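Undergrad: Output the structure for:
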Amino acid sequence: MNSAIGRRAFLTGSAGGVLVTSAEVAAHAEQAGTEQAPTRRAAASDRVTIGLIGAGVRGRDHHLRFLSANPRAEVVAICDVDRGHADFAGQIAARAYKKKPLIFGDFRRVLERKDIDAVVIATPDHWHSIMAIQAMEAGKDVYCEKPMTLFIAEGRRMVSVARQYGTVFQVGSQQRSDWRFRHAVELVRNNRIGRLKRITTHLGNPGTTSGAFIHPGTWEPVETPPDGLDFDMWLGPAPFHDYSPNRCHFEFRYNLDHSGGRITDWGAHHNDIAQWALGMDESGPVKIDGKGGFNKAGPYDYANYLDVHYQYANGVELVCENERGNGVRFEGSDGWIFVSRLLLEASSPEVLTEPSAVNTKIYDEKNRNEEIPGTDEHHNNWLDCIKTRGRCAADIEAGHRSACICHLGNISMRLGRPLEWNPEREEFAGDPVANVMRDKPFRAPWRL
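TA: Below is the predicted model of the structure:
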């Protein structure tokens, strides 16, 4: 096994017991189902020891439940600024491993542990860059929930650190490990629908017919944070706010101080597939024209209606909208393909009959054969790469570029005008106001 730069020896032993410290890191709360995995355990020396940072719905019900049933991994530490979240997740882990995990309130205590190989970061978006960079500097491999970043500039810094330390970094864009999406991408890049002309990413509206009326939020009086929640540490690098229930936990995704709204929530998934199909994992669009609806009657300041048009240098148009359904539609000169988490269909049945087995060689726009990695499960792909020191299916560069698509749309919508983007320099052409919006200050004492 190859050693990463500055990395300790791979796969040390795990630790038991319970340790309680002060507070930090918050719960990313995106609802997800529980995947199944074999229950037979590998020897302790063969397992990847993991610290879970963020034990809300996403961290607990998705990551912990899968990893605790995976014989290749052992979650030995759980960290959350909400003690109720941490204790609940700790009970799940204790039942799975027949011993209590370490419980922390400060993510830095997880990173100090020499017996932890890797971390899963399942916190609100405003924490991702700081935690991921400190984890990489501590020699940990990283699985970071999507969207990888809150703003553009921090993503490039994260990529640089990952490459410096040789970190195995998986972004939680798990659709890259779904056979439907992978099959669709292979078919598109094999020209099964002819020359690709347009991609539409449908972000959907849960329970409504019009994006203009979803999630305006309600103004709530300031409260004392509930017992067990260190709200100041939940805020961390974000601007200071007094506590109200609809700012933190699941509601964080509707506030631009903590997230990018719908376009970074579902957009980080579907726009990632668009980038993958375009072969743009290290590039992006050159023009952006975004229109968004911002509801000023409530506290949520994200764009709850959005219609963003991107133009690529190769002439392909990407449209990101949230008025119709959920999924990705590819339109070419000879047909179309639509893919979602439940459906893969095409303009004619013959489009889908092209062989597209795992590790199929495909022909891309650079006129060379290449292999799209196939895997049955995103966590297993990460664990495979930790062992081989290879690049993950959703590598950090791809995660950065896919998040950029969403951030570019947000900037255009907020400014209310079209923009020109240089994907190589990662800057707007002749637009100092837009360029300022690529970055965002952190609240002291936090910094990258």
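
Undergrad: how about the nearest residue to residue 85, chain neighbours excluded?
TA: Once flanking residues are discounted, residue 85 sits nearest to residue 55: 4.4 Å by C-beta to C-beta, 6 or more residues apart in numbering. For every residue, glycine as well, the C-beta is placed using N, CA and C.

Undergrad: what about the one you found, distance to residue 299?
TA: Computed as C-beta to C-beta, to the nearest Å, the residue 55 to residue 299 distance reads 26 Å.

Undergrad: all strands for the stretch 201-350 of the chain, in order.
TA: Secondary structure of the stretch 201-350 of the chain by DSSP state E, counting those that start in this stretch: the strands cover 287-293, 305-311, 317-321, 326-332, 335-339, 344-346.

Undergrad: more neighbours, residue 55 and residue 299?
TA: Between residue 55 and residue 299, counted using other C-beta atoms under 10 Å, the more crowded position is residue 55 (34 against 16).

Undergrad: Return the residues in contact with that one.
TA: By C-beta atoms under 8 Å, 6 or more residues apart in numbering, the residues touching residue 55 are 27, 64, 78-80, 82, 85-86, 88-89, 122.

Undergrad: how about 6 Å then?
TA: By C-beta atoms under 6 Å, 6 or more residues apart in numbering, the contact set of residue 55 is 27, 78, 80, 85-86, 89.

Undergrad: can you put those residues in CSV and add pLDDT?
TA: As requested, the contacts of residue 55 are arranged in CSV below (pLDDT from 0 to 100):
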residue, pLDDT
27, 33
78, 98
80, 98
85, 97
86, 98
89, 97
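
Undergrad: Among those, name the ones in strands.
TA: Among the contacts of residue 55, DSSP state E puts residue 78 in strands.

Undergrad: Which of the contacts of residue 55 has the largest number of neighbours?
TA: When neighbours are counted by other C-beta under 10 Å, residue 80 leads the contacts of residue 55 with 34 neighbours.

Undergrad: Go ahead and confirm that residue touches residue 86.
TA: Yes - with contact defined as C-beta atoms under 6 Å, residue 80 and residue 86 form a contacting pair (4.1 Å).

Undergrad: Report the spatially closest residue to residue 400, excluding sequence-adjacent ones.
TA: Closest residue to residue 400 apart from its sequence neighbours, by C-beta to C-beta, 6+ apart: residue 155 at 3.7 Å.

Undergrad: now do residue 395
TA: residue 169 (6.6 Å).

Undergrad: my guess is the one you found contacts residue 162, does it?
TA: Yes - at 4.9 Å, residue 169 and residue 162 qualify as touching, with contact defined as C-beta under 6 Å.

Undergrad: so where's this structure shaky on pLDDT?
TA: For the chain, the stretches flagged by pLDDT under 70 are 1-45, 205-215, 354-376.

Undergrad: okay, which residue is most central for it?
TA: residue 146 (1.0 Å; C-alpha atoms, centre = their mean).

Undergrad: List the buried residues in the top helix by length along the chain.
TA: Determined from DSSP state H, the single longest helix within the chain is helix 396-415. Of all the residues in helix 396-415, those buried under the rule 16 or more other C-beta atoms under 10 Å are 396-414.

Undergrad: Need the residues that contact the next helix or strand after that helix.
TA: Heading C-terminal from helix 396-415, the first helix or strand you meet, by DSSP states H and E, is strand 419-422. By C-beta under 6 Å, 6+ apart, the residues outside strand 419-422 that reach it are 286-288, 412, 428-429, 434.

Undergrad: For residue 111, which non-adjacent residue is closest in space?
TA: Nearest residue to residue 111, sequence neighbours excluded (C-beta to C-beta, 6+ apart): residue 138, at 4.1 Å.

Undergrad: My guess is the one you found contacts residue 113. True?
TA: No - under the criterion of C-beta under 6 Å, residue 138 makes no contact with residue 113, lying 8.9 Å away.

Undergrad: contacting residues around residue 379?
TA: Here residue 379 is in contact with residue 66 (criterion: C-beta under 6 Å, 6+ apart).
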